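Chemist: Sequence first, then the predicted structure:
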Amino acid sequence: MPFLIAAVVLVTVLCLLNLVLTFGVIRKLRAQGEHGHGAQNDVDISDLVLPVGSTAPAFTAVTTAGETVSRDGLGAALFGFFSPNCRACRERLPQFVEAARKAGGSRRVLAVVHGDEAETREQVAALAAVAQVVVEPTDGPLGRGFAVTGYPVFGLLAADGTITASGFDPKALSAPVRTAA
């Protein structure tokens, strides 16, 4: 009988220790998530899109409104690439919309959503009021041309097609300094 009592006490202590350690791990993971530590911060933005200073490829695409948009016709623009299956995309979408509204008439806004029409419907609806929206498959011509390998990714395009800024945060993109001609 004393062995049975000792075994029950030992199992109880081990279970309580396991529970305390599990709660500690969960608490630490939640704290990391709140402070932005994670896979996205460990990724270099140049791994997700063409690097700053490179020229965007010539492209022509049809927007959800039926308009044709091209690199040469776009001029200076704010751009963003989204995916409907991306949690970070859902989190950054309102920030992109706000940045697009602030851009106003000073630059055009191009939003590319990778996916099919049904799954992108919600993002397209949110973006349509402030941007020219293009929906294309993940391996679509704009995604391949801009060398997009992750989401969300945002950037600024100069009138000549040069990428002047890129990042994960659309609010942090700053307009390039204009030089005298």
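Modeler: All right, it came through fine. Numbers count the residues shown, from 1 in each chain.
Chemist: Leaving out the residues flanking it, which one is nearest to the residue nearest the centre of the chain?
Modeler: By Cα atoms, centre = their mean, the chain has its centre lying nearest to Pro152, at 1.3 Å. Among residues not flanking Pro152 along the chain, Cys89 sits closest, at 4.5 Å (Cβ to Cβ, 6 or more residues apart in numbering). The way it works is simple: take the backbone N, C-alpha and C, and place the C-beta from them, glycine included.
Chemist: What is the burial count for the one you found?
Modeler: Neighbourhood size, Cys89 [other Cβ atoms under 10 Å]: 20.
Chemist: And what about it, helix, strand or coil?
Modeler: Secondary structure assignment for Cys89 (DSSP: H, G, I helix; E, B strand; the rest coil): helix.
Chemist: Which residues are in contact with it?
Modeler: Phe82, Ser83, Gln123, Tyr151, Pro152 (Cβ atoms under 8 Å, 6 or more residues apart in numbering).
Chemist: Then Phe81?
Modeler: Phe81 neighbours (Cβ under 8 Å, 6+ apart): Val49, Val112, Val113, His114, Leu142, Gly143, Phe146, Val148, Tyr151, Pro152, Val153, Phe154.
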